[in-house]
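Undergrad: coords below, sequence missing:
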């Protein structure tokens with residue numbers, strides 16, 4: 001409203017001054033007045049110009065007097081321009097700062113989002129941990145329950161163990177007595193078994209000095225010079241004659257010896273074969289026929305090259321027996337006799353009057369006791385203790401007894 005009133009005043013004032021100027025100009029024209037010596041026409045123009053000037057000046061005066069903004073615009077324009085320039089520069093700086101602040105704000109918003117995600121993840125992990133804690137508490141309760149039950153069972157077993165200990169102490173004296181009786185029984189059985197083996201060997205020979213195929217003497221001969229091989233084979237034959245004389249063989253009327261050499265392989269052939277082929281050999285003097293007392297023994301030479309005949313742990317013979325019987329000695333001796341026959345068949349060298357297989361009387365007694373303690377079917381096996389060549393006498397065996405599956 002203030003601005004409209006000011007404009008209205010300026011219009012009225014300008015119109016009034018223009019009117020007065022026009023009136024003065026006409027009056028000067030009618031009167032043919034001159035100003036400053038000018039012609040009347042020019043004087044009226046001067047009056048008109050002065051009138052316009054008065055209009056502008058009056059308008060400015062009124063505006064200056066009436067409006068502080070106009071006064072400021074008229075008299076402080078340069079300062080306003082400088083202020084505007086400074087304000088513009090400050091605005092640009094503020095806009096730059098605003099851009100930086102916006103960037104920082106975006107970063108902070110990103111960090112806030114990361115923190116929110118981390119918070120959500122932490123909350124999820126906390127919830128999972130709480131669930132796991134609940135499960136662990138339930139499991140702990142179950143374990144405590146089982147532990148209480150185990151403790152109760154342990155106390156019960158402690159009482160049982162105490163009773164068993166009392167029973168063990170009561171049986172200890174009886175066990176010691178039984179062990180003493182067992183040791184005596186082992187000694188008696190060992191002596192009995194040795195006596196039985198010797199008796200069985202004597203009964204097997206019967207009235208004959210040698211049976212056909214029975215080994216009179218055997219030895220290991222290593223290849224070397226022919227003279228050395230000859231002497232070793234001759235020593236074998238001498239040992240065979242000595243064994244035959246001890247058995248009761250008679251002398252041959254022509255040669256005066258208790259043995260006579262026959263068969264496909266003669267003395268010279270044997271010496272030549274060993275010398276030519278080399279290596280070790282098992283040489284046997286074997287009875288060619290049944291020989292009664294008082295007659296010379298007809299022997300043949302058998303040559304067997306050295307070789308591995310048994311591997312360590314090899315089962316040589318086994319049998320399924322009925323356990324729990326009082327006298328299994330004959331069954332064990334029968335297995336041993338089978339092992340001896342197998343070893344001899346494979347070319348094992350044997351000493352005079354000795355079996356090819358060797359085991360201790362203690363093992364024999366252990367086998368007897370184990371067979372008596374097994375109820376039902378039992379497996380009896382003779383096993384080679386180590387790798388054995390036919391030139392390495394005796395064959396060491398062990399007796400294994402176990403319940404048959």
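TA: That came through fine. None of these values were measured; they are calculated from a predicted model. Numbers count the residues shown, from 1 in each chain.
Undergrad: what ranges do the helices span in this protein?
TA: 2-31, 40-66, 68-75, 77-205, 226-247, 267-277, 329-345, 361-373 (DSSP state H).
Undergrad: I'd like the ones you listed written out as TSV, with mean pLDDT and mean neighbour count added.
TA: All C-beta atoms are positioned from the backbone trio N, CA, C, and that covers glycine. Converted to TSV, the helices of the chain look like this (pLDDT from 0 to 100; neighbours: other Cβ atoms under 10 Å):
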stretch	mean pLDDT	mean neighbour count
helix 2-31	66	13
helix 40-66	70	15
helix 68-75	64	12
helix 77-205	77	11
helix 226-247	91	17
helix 267-277	90	15
helix 329-345	87	18
helix 361-373	84	18
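Undergrad: Compare these and give me the one nearest residue 393.
TA: When the helices of the chain are compared by Cβ to Cβ, helix 329-345 sits nearest residue 393, at 9.1 Å.
Undergrad: who does the closest one touch, helix- and strand-wise?
TA: Under the contact criterion of 3 or more Cβ pairs under 8 Å, 6 or more residues apart in numbering; DSSP states H and E, helix 329-345 touches helix 77-205, strand 315-323, strand 357-358, helix 361-373, strand 376-384, strand 395-403.
Undergrad: distance between the second one and the chain's centre?
TA: The gap between where strand 315-323 is centred and where its chain is centred comes out at 41 Å by Cα atoms, centre = their mean, to the nearest Å.
Undergrad: One more: the first one?
TA: Counting by Cα atoms, centre = their mean, helix 77-205 is centred 19 Å from the centre of its parent chain.
Undergrad: one step back: which of the helices of the chain sits closest to residue 305?
TA: helix 267-277 (7.5 Å).
Undergrad: and that closest one with helix 226-247, angle?
TA: 130 degrees (axes from the mean of the first three to the mean of the last three Cα atoms, to 10 degrees).
Undergrad: Other residues contacting helix 267-277?
TA: 221, 223-226, 229-230, 233, 237, 261, 265, 281, 283, 301, 303, 305 (Cβ atoms under 8 Å, 6 or more residues apart in numbering).
Undergrad: Low-confidence stretches in the stretch 301-405 of the chain?
TA: 326, 352-354 (pLDDT under 70).
Undergrad: In CSV, list the helices and strands packed on helix 329-345 along with distance to residue 17.
TA: Formatted as CSV, these follow (distance: least, Cβ to Cβ, whole Å):
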stretch, distance to residue 17
helix 77-205, 26
strand 315-323, 152
strand 357-358, 163
helix 361-373, 155
strand 376-384, 152
strand 395-403, 149
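Undergrad: Minimum distance to residue 287: which of the ones you listed has it?
TA: Among these, the nearest to residue 287 by Cβ to Cβ is helix 77-205 (11.3 Å).
Undergrad: for the closest one, packing partners?
TA: Helix 77-205 is packed against helix 329-345, helix 361-373, with contacts defined by 3+ Cβ pairs under 8 Å, 6+ apart.
Undergrad: Any idea which of those helices gets closest to residue 122?
TA: That would be helix 361-373 among these, by Cβ to Cβ, at 71.3 Å.
Undergrad: how far is the closest one from where the chain is centred?
TA: Here helix 361-373 is found 43 Å from its chain centre; the criterion is Cα atoms, centre = their mean.
Undergrad: circling back to that earlier point, would you turn the helices and strands packed on helix 77-205 into JSON lines with distance to residue 8?
TA: Shown next, in JSON lines, are the helices and strands packed on helix 77-205 (distance: least, Cβ to Cβ, whole Å):
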{"stretch": "helix 329-345", "distance to residue 8": "152"}
{"stretch": "helix 361-373", "distance to residue 8": "145"}
